[in-house]
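[1] please find the sequence and the predicted model below.
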Amino acid sequence: MLPWLDAAPEFPPLSQALTDPNGLLAAGGDLSPQRLLAAYRRGIFPWYAPGDPILWWSPDPRMVLLPSELKITRSLAKTLRNGEYEIRFDTAFAPVMQACAQTPRQGQNGTWISDGMIAAYTALHRQGHAHSVETWQNGKLIGGLYGMAIGRAFFGESMFSHASDASKIALAHLCEFLQRHDFGIIDCQMETSHLASLGARPIRRDDFIHRLDGLRDLSALPGPWSAAEIADCFRLARKAP
């Protein structure tokens, strides 16, 4: 039987997760900052359809991207060098989440990013735990992503793009920023061909938790984050492939 969470921000052992690839662990509870932080520290995240009970997951295998392993294609490298965009961190967190919720995705009907999820993660953003990476062009938000930082681990939640490569531009700058600040891993949660094309790979959940254990208690880098230190990194430092 699937465990039902009570008022305490505690979770059952990961070994109790269902053996299907998605790793359903528990249901119920709430989206309070305390519970969400406790979940991410243990490699657990919420994912559920609006109107359904909150569901908590810990997949096995787990899709991860090491910041140094991002695959940058020839066309993306050219876009990064041209620099016809502006990267900002933590200046439009709620709009990024709303855009992730509203942008249609192939093979998906609707979104799991409900108003309640937006409110919960925006509260974590105000506390310095959740972050957005934003691609702007001519004063317009054209792409980006958001996620959680626990110690020196980053948990990617969702991304959107309203222009060619706009979300990949944001991801490239995030990876550069995370490398400079000694982050060891980006959690991508579920395995997809799109994530694999960017350099992410599946690893065993035990391996993921072992890596997380070594990163979650390192000194945090509270928000708001600044993109100033990497503003020109690709234009100045990267050579043509």
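    That came through fine.
[2] buried residues in the lengthiest strand in the chain, which are they?
    In the chain, assigned by DSSP state E, the strand with the most residues is strand 140-150. Under the neighbour-count criterion of 16 or more other CB atoms under 10 Å, strand 140-150 has Leu141, Ile142, Gly143, Gly144, Leu145, Tyr146, Gly147, Met148, Ala149, Ile150 buried. (Each C-beta comes from the backbone N, C-alpha and C, glycine too.)
[3] what's the domain layout of the chain?
    4-59, 63-237 (automatic domain parsing).
[4] the residue nearest the centre of the chain: which element?
    Residue closest to the average C-alpha location in the chain (CA atoms, centre = their mean): Gly156, at 0.9 Å. Element membership of Gly156 [criterion: DSSP states H and E] is strand 153-161.
[5] run the angle between that strand and strand 140-150 for me.
    If you take axes from the mean of the first three to the mean of the last three CA atoms, to 10 degrees, strand 153-161 sits at 160 degrees to strand 140-150.
[6] following strand 153-161, which helix or strand shows up next?
    Downstream of strand 153-161, the next assigned helix or strand under DSSP H and E is helix 166-180.
[7] what's in contact with whichever helix or strand comes after that next one?
    Downstream of helix 166-180, the first helix or strand assigned by DSSP H and E is strand 185-189. Residues outside strand 185-189 that contact it (CB atoms under 8 Å, 6 or more residues apart in numbering): 43, 45, 47, 57, 59, 62-67, 147, 153-156, 174-175, 178, 195, 200, 208, 211-212, 215.
[8] farthest pair within the buried residues of strand 140-150?
    Among those, the pair separated by the greatest distance (CB to CB) is Ile142 and Ile150, at 28.5 Å.
[9] what's the neighbour count on Lys168?
    By other CB atoms under 10 Å, 24 other residues sit near Lys168.
[10] where in this structure is pLDDT low?
    21, 105-110, 236-241 (pLDDT under 70).
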